[in-house]
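Asks: Dropping the sequence and predicted coords here.
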Amino acid sequence: MAKQEDVFKKVVSHAKEYGFIFPSSEIYDGLSAIYDYGQNGAELKNNIKQYWWKAMVQLNENIVGIDSAIFMHPTIWKASGHVDAFNDPLIDNKDSKKRFRADVLVEDYCAKIEDKENKEIEKAAKRFGDAFDKAQFEATNPKILEYREKRATILSRLAKSLEKEDLADVKALIEELEIADPDTGSKNWTEVRQFNLMFGTKLGASADSATDLYLRPETAQGIFVNYLNVQKTSRHKLPFGIAQIGKAFRNEIVARQFIFRMREFEQMEMQYFVPPGTELEFYENWKKTRLNWHLALGLGAENYRFHDHEKLAHYANAAADIEFNFPFGFKELEGIHSRTDFDLSAHEKFSGRKIQYFDPERNENYVPYVVETSVGLDRLFLAIFSNSLKDEVLEDGSERTVLSLPPALAPVKAAILPLVKKDGLPAFADKIFNDLKFDFNVIFEEKDSIGKRYRRQDAIGTPFCITVDHDSLNDNTVTLRYRDTMEQERVPVSELRRIIDEKVNFRTLLSKI
Ligand code: GAP
């Protein structure tokens, strides 16, 4: 089995074993691509949300946050283009009866070519040792150049065919490349068809009067339809932003890779309303700002890259993804889109209401343009969780699994551990717990040996362990153990709050942006 697959399996099993993520409805054998967050997962997720919300709403004087309903008027999805154009091209394999996204089959084919390129580079790096010049090798090696050209040709043809809705050509491409069902090897494909990703539901008590609704496939439309309300009541001038965190639903054709692609997921989106003609400058600024926000988490700059879109969504005049190096390779983490005035103009047309801004400097009315940043909360969770999960071999040869989460995001900030369950140590520890609980999410644990308790806290990413022993009763000090270095130091109880706070508060994280 490939090493990447092992890493990913470990991520999934660790998430379940330590109360982060469970398959939804598990006692009924689960529901495909739906997951529940457990006790530690919910804390981590809430902390990620806080990091995003504070960075957007609290740090920017001109960005406000809202919370719009999941159920929205059905005409919204007609206006936004989702009824007509929110489709994925699907293809079925006639032998295995399995369904695939046609574009993903082609993209996976190209990813395999990229793997070959990387192997060539690795081989050359070994051969040349310190003298290896990667940039020169990539620019001149005939094999690498051939692989790159092949990939570029395939992806550009795919993009053009999808843009023209030429699904016959997408099928022809799959056949020319001799792409087979990855599980069975069969090349017996159906035609490629479009599949709308929105879930339908009904509003109303009786069958006759019920209205057909959709579960929202993005949170952004809740922001667009509230633009006027927010602008009027907040009295913000352009440019200003509206942020929102909430659930979105998509009937994904292929929902694999754990919480990377789910049918029910959460988005953190911000629409930045700007004067027409200025949108591309703001778009470039938001690309930088959002990348810096990710980098502040300390997961390693080498794990991020931009991917500028060749095929633009129906609403965009520029778009890029921030990709992250997940355990299964670089994939989209966040989208930054220059959405023009497409959405607000469409809502103006479909609702019959004027959605305009009077610009006192230009002395004119216009429909604002929009730059959007949109990050999947669950994907971000997976990025942070998988990157933080490490197996370490210690100096004495023993091993430990540690989840080195950014401290501000850790589900539990400190564990308070009486060394033994007697001699008044639990009562002393309890006092510390009752004091710290007002500032931090802390836990009290007295079961098992101290070593086992340390390992359990390492595995859920707790930055501090506080051990109470017999000396504590006399000198009012405790042993403070640091998760990452495993160093221990003796500190007065009165210092605990300050030391923990310095490491885990959001200010430390936010000031790095
Ligand atoms: N409002 C724009 C929009 O929704 P998108 O690129 O379709 O754009 C934005 O989605 C982000 O939402 C993605 O970058 C990804 O992080 C997340 N996302 C999209 N579909 C998802 C799914 N099925 N499961 C989990 N996250 C998803």
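Replies: Yep, that arrived.

Asks: Ile121 reaches Ile144, doesn't it?
Replies: Yes - under the criterion of CB atoms under 8 Å, Ile121 makes contact with Ile144 at 7.3 Å. No exception for glycine: its C-beta is placed from N, CA and C like everyone else's.

Asks: Between the two, which contacts overlap?
Replies: Common neighbours of Ile121 and Ile144 (criterion: CB atoms under 8 Å, 6 or more residues apart in numbering): 137-138.

Asks: which parts of the longest helix seen in the chain are buried?
Replies: Secondary structure assigned by DSSP state H gives helix 102-128 as the longest helix of the chain. Residues 102-106, 109-110, 117, 120-121, 124 are the ones in helix 102-128 that count as buried (16 or more other CB atoms under 10 Å).

Asks: Can you lay out those as a markdown table showing pLDDT?
Replies: As requested, those are exported to a markdown table (pLDDT from 0 to 100):
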| residue | pLDDT |
| --- | --- |
| Ala102 | 96 |
| Asp103 | 93 |
| Val104 | 91 |
| Leu105 | 95 |
| Val106 | 96 |
| Tyr109 | 95 |
| Cys110 | 95 |
| Glu117 | 93 |
| Glu120 | 93 |
| Ile121 | 93 |
| Ala124 | 93 |
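
Asks: now, among those, which is nearest to the ligand?
Replies: Val104 (12.4 Å; CB to the nearest ligand atom).

Asks: Could I get the average pLDDT for stretch 361-371?
Replies: For stretch 361-371, mean pLDDT is 97.

Asks: How far off centre is that stretch?
Replies: 32 Å (CA atoms, centre = their mean, to the nearest Å).

Asks: go on, stretch 56-74?
Replies: 18 Å.

Asks: So is it next to the ligand?
Replies: No - judged by CB under 6 Å from any ligand atom, stretch 56-74 and the ligand are separated, with a smallest distance of 13.1 Å.

Asks: ok, which residues in the protein are in contact with the ligand?
Replies: Counting by CB under 6 Å from any ligand atom, the chain sits next to the ligand at 218, 220, 250, 252, 261-262, 265, 267, 269, 332-335, 372, 374-376, 378-379.

Asks: Now, those residues that are in helices?
Replies: Using DSSP H, the residues of the chain next to the ligand in helices are 220, 378-379.

Asks: For those residues, which single residue is the most surrounded?
Replies: Ala220 (25 neighbours; other CB atoms under 10 Å).

Asks: which one is it nearest to, not counting chain neighbours?
Replies: Glu269 (5.1 Å; CB to CB, 6 or more residues apart in numbering).

Asks: Same check on Glu348?
Replies: Looking at Glu348 with CB to CB, 6+ apart, the closest residue is Ile355, at 4.6 Å.

Asks: ok, the one you found - contacts?
Replies: By CB under 8 Å, 6+ apart, the neighbours of Ile355 are 227-228, 344-345, 347-348, 367.

Asks: Let's see if you can find the most crowded of the residues you listed.
Replies: Leu344 (25 neighbours).

Asks: Read off the pLDDT value for that one.
Replies: For Leu344, pLDDT reads 98.

Asks: And the one 3 residues further on, by the same measure?
Replies: Per-residue confidence (pLDDT) for His347: 98.

Asks: shift numbering so it begins at 262
Replies: Right, with 262 as the first residue, what we last looked at is His608.

Asks: tell me the contacts of it?
Replies: Here His608 is in contact with 337, 340-341, 485-486, 614, 616 (CB under 8 Å, 6+ apart).

Asks: Likewise for Arg661?
Replies: 652-653, 655, 716, 719.

Asks: does the residue of the stretch 262-411 of the chain found nearest the ligand sit in a helix or strand, and which one?
Replies: Nearest residue of the stretch 262-411 of the chain to the ligand (CB to the nearest ligand atom) works out as Ala294 at 7.7 Å. Under the criterion DSSP states H and E, no helix or strand holds Ala294.

Asks: Counting neighbours, what do you get for Asp736?
Replies: Neighbour tally, Asp736, other CB under 10 Å: 10.

Asks: State the number of residues packed around the residue in the chain positioned nearest to the ligand.
Replies: Per CB to the nearest ligand atom, Gly637 is where the chain lies closest to the ligand, at 2.4 Å. Using other CB under 10 Å, Gly637 has 23 other residues around it.

Asks: Specify the beta-bridge partners of it.
Replies: Taking DSSP bridges as the rule, Gly637 bridges to Gln528.

Asks: who's in contact with it?
Replies: 526-529, 594-595.

Asks: most neighbours, which of those residues?
Replies: Top of the contacts of Gly637 by neighbour count (other CB under 10 Å): Glu595, with 25 neighbours.

Asks: returning to what we had before: as JSON lines, the contacts of Ile616 with secondary structure would be great.
Replies: Putting the contacts of Ile616 into JSON lines (DSSP: H, G, I helix; E, B strand; the rest coil) gives the following:
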{"residue": "Tyr488", "secondary structure": "helix"}
{"residue": "Leu489", "secondary structure": "helix"}
{"residue": "Leu605", "secondary structure": "helix"}
{"residue": "Ser606", "secondary structure": "helix"}
{"residue": "His608", "secondary structure": "helix"}
{"residue": "Glu609", "secondary structure": "helix"}
{"residue": "Val628", "secondary structure": "coil"}
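
Asks: Tell me which two in these are the farthest apart.
Replies: Farthest-apart pair in the contacts of Ile616 is Leu489 and Ser606; separation 13.5 Å (CB to CB).

Asks: quick one, domains of this structure?
Replies: 348-457, 655-771 (automatic domain parsing).

Asks: which residues sit against stretch 489-499?
Replies: By CB under 8 Å, 6+ apart, stretch 489-499 touches 323, 325, 327, 501, 503, 534-536, 614, 616, 618, 620-621, 629.

Asks: Among those, which one sits closest to Lys306?
Replies: For the contacts of stretch 489-499, the nearest to Lys306 is Ile327 (19.7 Å; CB to CB).

Asks: Could you report the neighbour count for that closest one?
Replies: 16.

Asks: My guess is it contacts Ala481. True?
Replies: No - in this structure Ile327 lies outside contact range of Ala481 using CB under 8 Å: 11.6 Å.

Asks: related to what we said a few turns ago, would you mind putting the ones in helices among the residues of the chain next to the ligand into TSV with pLDDT alongside?
Replies: Converted to TSV, these look like this (pLDDT from 0 to 100):
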residue	pLDDT
Ala481	97
Asp639	98
Arg640	98
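
Asks: picking up where we left off before, identify those among the contacts of His608 that sit within helices.
Replies: Per DSSP H, the subset of the contacts of His608 in helices is 337, 340, 485.

Asks: Just among those, which is most surrounded?
Replies: That'd be Phe485 among the ones in helices among the contacts of His608, by other CB under 10 Å, with 24 neighbours.
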